[in-house]
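Undergrad: any chance you can model this:
(one chain, ligands or ions: 1)
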Amino acid sequence: MAKSKPKNVICPCFDITKAEVKQHIRDGVIKYKDLQRLTKIGTKCSSCKKKTKVKFKKYKAKLGVE
Ligand code: FES
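TA: Next up is the predicted model:
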C-alpha cells in the first residue's frame, strides 16, 4: 500500500518538510541556493522549485528575515 504524503512535506523527492525549511531559516539560511545546497530541495524533479521558492520567501518574511 502506498504511503500517503504528510501534508507538511513540500519537496517529496527529498522528504523535506515546511518545518525543516523554517528551521534552516532560523539557523541563518537566507538564500534559496544555500537551502538547496544543504537540503537538495528542488534539485531532482524540479516540480517543487517554484512553489518552494515562494514558500521560502514567505517564511523568511514571517520570521522577520530579509
Ligand atoms: S519534489 Fe522537490 S525536487 Fe522533486
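Undergrad: ends of stretch 43-51, how far apart?
TA: End-to-end span of stretch 43-51 (C-alpha to C-alpha, to the nearest Å): 13 Å.
Undergrad: that stretch - what's its average pLDDT?
TA: For stretch 43-51, the mean per-residue pLDDT is 97.
Undergrad: do the same with stretch 22-35
TA: Here the average pLDDT along stretch 22-35 is 97.
Undergrad: go ahead and flag the most central residue of this structure.
TA: Nearest to the mean C-alpha position of the chain, counting by C-alpha atoms, centre = their mean, stands residue 21 at 4.4 Å.
Undergrad: hang on, that residue packs against residue 10?
TA: Yes: using C-beta atoms under 8 Å, residue 21 is in contact with residue 10, at 6.8 Å. Glycine gets a C-beta too; all of them are placed from N, C-alpha and C.
Undergrad: is the one helix or strand residue 60 maps to positioned near the ligand?
TA: Assigned by DSSP states H and E, residue 60 belongs to helix 49-62. No: judged by C-beta under 6 Å from any ligand atom, helix 49-62 stays clear of the ligand, getting no closer than 6.8 Å.
Undergrad: thinking again about what came up before, identify the contacts common to residue 21 and residue 10.
TA: When contacts are counted by C-beta atoms under 8 Å, 6 or more residues apart in numbering, residue 21 and residue 10 are jointly contacted by 41, 52, 55.
Undergrad: now the closest residue to residue 48 other than its chain neighbours: how far from the ligand?
TA: Once flanking residues are discounted, residue 48 sits nearest to residue 11: 4.6 Å by C-beta to C-beta, 6 or more residues apart in numbering. Taking C-beta to the nearest ligand atom, to the nearest Å as the measure, residue 11 and the ligand are separated by 3 Å.
Undergrad: pLDDT score assigned to residue 11?
TA: For residue 11, pLDDT reads 97.
Undergrad: what is the burial count for the nearest residue to residue 14 once chain neighbours are set aside?
TA: Closest residue to residue 14 apart from its sequence neighbours, by C-beta to C-beta, 6+ apart: residue 40 at 5.0 Å. Using other C-beta atoms under 10 Å, residue 40 has 13 neighbouring residues.
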